[in-house]
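Visitor: make a model of this:
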Amino acid sequence: MHSRLGKIVYSKSGRDKGKMFIIVGVVDENFVLLADGDLRKIENPKLKNIRHVQLTNMIAEDVLASIAQGRVPENHIMKKNLKKIQESRE
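Guide: Take a look at the predicted model:
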């Protein structure tokens, strides 16, 4: 279940539909905590039903490394990761 940590997802519903996020926490099998370092900071992650996000096979390596070391990933690192992925997809 914790293999979802650090994964990049797209929101499928709500005001943030179509936006990219990084999974920064797993509450249970139905809910995850999302942050993007910009509108949703790591200090206030969004609780989202897993059914309302589109999982990708992309992983934010820097963020995952921080979490694995027991540190809180920094917002600017999350923003940089998402920006890099968005640019590579365009």
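Visitor: all contacts plus neighbour counts: C-alpha atoms, from now on.
Guide: Noted.
Visitor: and the residue most central in space within the chain, what are its bridge partners?
Guide: Nearest to the geometric centre of the chain sits Ile22, at 0.9 Å (CA atoms, centre = their mean). Beta bridges link Ile22 to Ile8, Ala35 when assigned by DSSP bridges.
Visitor: also the one 4 residues further on?
Guide: Note on Val26: beta-bridge partners Val32, judged by DSSP bridges.
Visitor: by contact count, what packs against the longest helix anywhere in the chain?
Guide: If you go by DSSP state H, the chain has its longest helix at helix 75-89. When contacts are defined as 3 or more CA pairs under 8 Å, 6 or more residues apart in numbering; DSSP states H and E, helix 75-89 packs onto strand 20-26, helix 61-68.
Visitor: between strand 20-26 and that helix, find me the angle.
Guide: 130 degrees (axes from the mean of the first three to the mean of the last three CA atoms, to 10 degrees).
Visitor: which residues touch the residue nearest to the centre of the chain?
Guide: 5-9, 34-36, 60, 78 (CA atoms under 8 Å, 6 or more residues apart in numbering).
Visitor: isn't Leu34 right up against Pro45?
Guide: Yes - taking contacts as CA atoms under 8 Å, Leu34 lies within contact range of Pro45: 5.2 Å.
Visitor: low-confidence bits of this protein, can you list those?
Guide: 1-2 (pLDDT under 70).
Visitor: hang on, the earlier thing: would you mind telling me which of Leu34 and Pro45 has more residues around it?
Guide: Per other CA atoms under 10 Å, whichever of Leu34 and Pro45 has more neighbours is Leu34, with 28 against 20.
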